[in-house]
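Enquirer: Please work out how this folds:
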Amino acid sequence: MLVLLAATGCLSSCKDDISGFDLEKDPLKGKIGGEEWQYAAGSANVNSSSYYLEGLIVGESTQDPCAIRVSSKLHLSIKIPGRKGSYNLPFPANEGYVIFNLPNGTKKFTASGGFIEVVAVGSQQLIGYMSADFDDDNTVQGSFLLEFCN
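Expert: Numbering: from 1, shown residues only. Next up is the predicted model:
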């Protein structure tokens, strides 16, 4: 609920600029492969024909999230709608996904429960809230921001 209120407030004052959103209040965090993990950056490529975004949510800090194309560390791979709405996990007919990735691609687990709420979409960013899980060792919850890459 806090995420929705913060995003609504930001959108009403910032219009298309959603960069002022404060992720520190409830950042995406949890466990991947049984290890504690927390969101640091996210990026996505826009598929204009399907309106889905495919990208990475990583735990390592970076000035340019779009520079990280592949990660050998704990991370999430995502394919989510690029429009506001609430979406249950898993997606029907494999239209989208949230995948928990262990280091160096050793194992991958696709979220089998939870939801994604796309709160706001700007021209270069998306704000969302996610609660996704596969098991007790692969579960995350909180807000995130995706930078759109060209």
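
Enquirer: Can you pull out the low-pLDDT segments for this protein?
Expert: Along the chain, segments meeting pLDDT under 70 span 1-23, 49-50.

Enquirer: all helices of it, in order?
Expert: 2-14 (DSSP state H).

Enquirer: Show me where it has its strands.
Expert: Remark: strands assigned in the chain by DSSP state E are 29-32, 35-38, 41-47, 52-58, 75-81, 85-88, 97-101, 108-110, 113-121, 125-135, 138-149.

Enquirer: Can you add mean neighbour count and give these back as CSV?
Expert: C-beta here means a position set from N, CA and C on the backbone, and glycine is covered the same way. Formatted as CSV, the strands of the chain follow (neighbours: other Cβ atoms under 10 Å):
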stretch, mean neighbour count
strand 29-32, 19
strand 35-38, 14
strand 41-47, 19
strand 52-58, 22
strand 75-81, 22
strand 85-88, 12
strand 97-101, 22
strand 108-110, 15
strand 113-121, 19
strand 125-135, 21
strand 138-149, 21
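
Enquirer: now the ones you listed as TSV including distance to R69?
Expert: Below are the strands of the chain laid out as TSV (distance: least, Cβ to Cβ, whole Å):
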stretch	distance to R69
strand 29-32	19
strand 35-38	20
strand 41-47	9
strand 52-58	8
strand 75-81	12
strand 85-88	25
strand 97-101	13
strand 108-110	17
strand 113-121	22
strand 125-135	18
strand 138-149	9
